[in-house]
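Chemist: okay, structure incoming, though there's no sequence with it:
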C-alpha cells in the first residue's frame, strides 16, 4: 500500500555550509582542523575577537571558494568584498561575523540531480559566499541546573555557504542534491565535507504551496537550522511540511504571520521546535568590513584556478562509459571515490585491452580487501600496474580466476609482483594436453553415470566432469582445454 500524495506542493531551498580544506583559519594562523582537539586550544586574539586584533584573509580559502563556484558552473564576478554581519550570540565573540552580503565570490550556478519524475533535474545555485565559522556551543545539565559551554576552536574556520534556488520538491531530491554537491566539492579538493565531524551543515528552507478558494496559497516558510546528517533532513523536512499544513488548516498563526521562523530538529522527539522568528536582512545591519580591502579576482587567476580543477564526477562517469565501455553502475562505483577512479585508470594503463575485467577486479576483490582490512587506499601495498598484470595473466590463460584471487591475497601481504608469485609457487595453469590426459581419462573411467547423462542430453553433467578434473589437479587445469578434451572423448 502506497502513501497518498500530500494536499500541497513541497518547496525546498538549501543553504549548505561547508568547511574548506585549509590548514589555517580564515583570518588568522590558528589550525583549522579543530575536530577532536581539546576545547579552546586552537585560538588567538583574532579568532577570539579581542580588541585591537586585525584579520588577515586566507588566500587559499579564497582560491578554494572560487574553485567551488567554477565546479558548480557559477559566474565569478570581477568585484567582491567582505562585510560585517551583526548579531549578538554567545558563539560569536566579536558581536559580528565577517561574511559577504551583496557581492559574493560566486553567483548564478547550477547542479543537475536525479529528479522525482525520472531523469536529471537542474537546480539553480543562487550564490556561494565565504565567511568565518562560529564557536561551538555544548549544552548540558548537572544537579538540576542547565549550562552551556563554548569551544572557540571552530571559531574563524573558513566556511563556504552555498545557497540553492527553491527548486527542490521533495526530501529525496534534496538528498540527491546534497550527495551530488558533496561529491563535487570533495572531488575538487575544496572540502572534506565530513558531516560526522561538523565539517558540513545545512539549513533547509521548507515551504508548502497549495490552492484554496481558487487562489494559490504560499504561507511563510520555516528554516530548519543546522542539520548535519542525511537522515535528519529525510525525517525533518516531511515533518515540518506536514506541521505547516496542519497549522494552516487549524487557523493558526501561520495564516497571519509575515516572516519566516527558525526551527530546530529534535532527534529524540522526532519533531521540530521553535527557535526564533527569523531576522530580516535589515536586522543584520550589513556594512563593508573596514579592516579588509575589496577583492578583484583577475581573469588570469580565475583561468588558472579553473585549469587546476580535476575532471568533475559527472564528466568522468560519462567518459568511463564511453572510453572503457563500462556500465553506468560500474562507472558510478568507480567514480564515487576520486582515489579509486585514479587507481583504476592507472591499472587499465597496464592492461589497456581489458578495461571491463580491471573494473570487475577493482569493484569486487580490491574494494572487498580494503573494507575487510580497514586499509586506506594510500597505504595499499598492491600497485595498480600489478593488478593490470594479474588481469592479463588470467586473460592469457596462464592462471585461473580462482588462482588469481589467491595470488591477489599474497600480493596484498607481500607486495610482490603477480608473475613472480605464480612462478615461485608453481601456480601456473596447466594447458598442455599431455599433462591433462591422465586426469581426464581417470575422471571418465570413474564417472560412467555422468558420461551417460551427458550423452543423453544433460549439459550440466559436462560441467561436473570438468570440476572433477580440476579437483584432481588442484584447480590448476585450464577449464577451456579440459572442456574440449572431454567433448572429444565422449562424443
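Modeler: Now that the structure is in, tell me what you want to look at. No experiment lies behind these values; they were computed from the predicted model shown. Residues are numbered from 1 along each chain as shown.

Chemist: packing partners of the longest helix along the chain?
Modeler: Counting residues, the longest helix found in the chain (DSSP state H) is helix 230-249. Helix 230-249 is packed against strand 9-19, helix 171-187, strand 200-212, strand 222-227, strand 261-266, strand 271-277, with contacts defined by 3 or more Cβ pairs under 8 Å, 6 or more residues apart in numbering; DSSP states H and E. To be clear about C-beta, it is placed using only N, CA and C from the backbone, and glycine gets the same treatment.

Chemist: what's the nearest residue to residue 210 if we skip its chain neighbours?
Modeler: Using Cβ to Cβ, 6 or more residues apart in numbering and skipping residues adjacent in sequence, the residue nearest residue 210 is residue 8, 4.0 Å away.

Chemist: my bad, should have said residue 126
Modeler: Residue 126 sits nearest to residue 163 (Cβ to Cβ, 6+ apart), 4.7 Å away.

Chemist: before we move on, the earlier item: dump the helices and strands packed on helix 230-249 to CSV, plus mean neighbour count.
Modeler: Listed next are the helices and strands packed on helix 230-249 as CSV, based on neighbours: other Cβ atoms under 10 Å:
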stretch, mean neighbour count
strand 9-19, 21
helix 171-187, 21
strand 200-212, 19
strand 222-227, 20
strand 261-266, 17
strand 271-277, 13
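
Chemist: ok, now which ones touch the most centrally placed residue in the chain?
Modeler: Centroid-nearest residue in the chain: residue 183, 4.1 Å away (criterion: Cα atoms, centre = their mean). Residues near residue 183 by Cβ atoms under 8 Å, 6 or more residues apart in numbering: 313, 336.

Chemist: roughly how far apart are the residue nearest to residue 210 and residue 115?
Modeler: Residue 8 is 19 Å from residue 115, where distance means Cβ to Cβ, to the nearest Å.

Chemist: ok, now residue 466?
Modeler: From residue 466 to residue 115 the distance is 49 Å (Cβ to Cβ).

Chemist: got it, and residue 191?
Modeler: As judged by Cβ to Cβ, residue 191 and residue 115 stand 25 Å apart.

Chemist: when the two are compared, which one has more neighbours?
Modeler: residue 191 (24 against 18; other Cβ atoms under 10 Å).

Chemist: can you pull the pLDDT of the closest residue to residue 373 other than its chain neighbours?
Modeler: Nearest residue to residue 373, sequence neighbours excluded (Cβ to Cβ, 6+ apart): residue 412, at 7.7 Å. For residue 412, the model assigns a pLDDT of 88.

Chemist: what's the answer for residue 478, then?
Modeler: Value for residue 478, per-residue pLDDT: 73.

Chemist: how near is it to residue 356?
Modeler: 21 Å.

Chemist: low-confidence ranges, the stretch 51-200 of the chain, go.
Modeler: Applying pLDDT under 70 to the stretch 51-200 of the chain flags no residue at all.

Chemist: which stretches in it count as strands?
Modeler: Ranges of strands in the stretch 51-200 of the chain, per DSSP state E, counting those that start in this stretch, are 83-86, 96-99, 106-114, 120-132, 136-142, 145-151, 158-164, 200-212.

Chemist: what is the neighbour count of residue 119?
Modeler: There are 7 residues near residue 119, going by other Cβ under 10 Å.

Chemist: show me the contacts for it.
Modeler: Taking Cβ under 8 Å, 6+ apart, we find residue 119 in contact with no residue.

Chemist: please report phi then psi for residue 72.
Modeler: The phi/psi pair for residue 72 (degrees, to the nearest 10) reads phi -100, psi 20.

Chemist: chain neighbours aside, what residue packs nearest to it?
Modeler: For residue 72, ignoring the flanking residues on the chain, the nearest one in space by Cβ to Cβ, 6+ apart is residue 109 at 4.1 Å.

Chemist: that neighbour and residue 163, how far apart?
Modeler: For residue 109, the distance to residue 163 equals 10 Å [Cβ to Cβ].

Chemist: more crowded one of these two?
Modeler: For the pair residue 109 and residue 163, the greater number of neighbours falls to residue 109 (22 against 18), based on other Cβ under 10 Å.

Chemist: tilt between the helix or strand containing residue 314 and helix 171-187?
Modeler: Assignment of secondary structure by DSSP states H and E places residue 314 within helix 313-324. Helix 313-324 and helix 171-187 are oriented at 80 degrees to each other (axes from the mean of the first three to the mean of the last three Cα atoms, to 10 degrees).

Chemist: and for helix 313-324, what's in contact with it?
Modeler: Residues from elsewhere that reach helix 313-324 (Cβ under 8 Å, 6+ apart): 112, 180, 183-184, 187, 311, 326-328, 330-332, 334-336, 341, 348, 355-356, 359.

Chemist: how about residue 65, what does it touch?
Modeler: 20, 105-106, 128, 130, 158, 160, 190.

Chemist: now, among these, which is nearest to residue 378?
Modeler: Taking Cβ to Cβ as the measure, residue 378 sits nearest to residue 190 out of those, at 19.5 Å.

Chemist: my understanding was that the closest one contacts residue 60; is that so?
Modeler: No: the criterion here is Cβ atoms under 8 Å, and residue 190 misses it with residue 60 at 10.7 Å.

Chemist: now the closest residue to residue 134 other than its chain neighbours. Its backbone dihedrals?
Modeler: Spatial nearest neighbour of residue 134, excluding adjacent residues (Cβ to Cβ, 6+ apart): residue 91 at 4.2 Å. Phi and psi for residue 91, reported as degrees, to the nearest 10, are phi -80, psi 10.

Chemist: what strand or helix carries residue 445?
Modeler: Here residue 445 is assigned to helix 433-446, by DSSP H and E.

Chemist: circling back: mind listing what the residue nearest to residue 72 touches?
Modeler: 69, 72-75, 124-125, 128.

Chemist: quick one: it and residue 190, what's the gap?
Modeler: Computed as Cβ to Cβ, the residue 109 to residue 190 distance reads 13 Å.

Chemist: now do residue 107 against residue 193, distance only.
Modeler: Distance from residue 107 to residue 193, by Cβ to Cβ: 22 Å.

Chemist: which residues touch residue 120?
Modeler: Shown in contact with residue 120 (Cβ under 8 Å, 6+ apart): 112-114.

Chemist: which one (most neighbours) among those residues?
Modeler: Neighbour counts for these peak at residue 113, which has 20 neighbours (criterion: other Cβ under 10 Å).

Chemist: once you drop chain neighbours, what's closest to that residue?
Modeler: That would be residue 176: by Cβ to Cβ, 6+ apart, it lies 4.3 Å from residue 113.

Chemist: residue 330 now?
Modeler: What sits nearest to residue 330 in space, not counting adjacent residues and going by Cβ to Cβ, 6+ apart, is residue 359, at 4.9 Å.

Chemist: quick revisit: turn the contacts of residue 65 into CSV, including distance to residue 144.
Modeler: Below are those laid out as CSV (distance: Cβ to Cβ, whole Å):
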residue, distance to residue 144
20, 41
105, 48
106, 49
128, 45
130, 43
158, 40
160, 41
190, 46
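
Chemist: between those residues, which is nearest residue 254?
Modeler: residue 128 (31.2 Å).

Chemist: so that closest one sits against residue 68, correct?
Modeler: Yes: contact status for residue 128 versus residue 68: in contact at 6.0 Å, counting by Cβ under 8 Å.

Chemist: looking at those two, which is more packed in?
Modeler: Taking other Cβ under 10 Å, residue 128 and residue 68 do not tie; residue 68 has more neighbours (28 against 24).

Chemist: I'd assumed residue 130 was in contact with the more buried one.
Modeler: No: with contact defined as Cβ under 8 Å, residue 68 does not reach residue 130; the gap is 9.4 Å.
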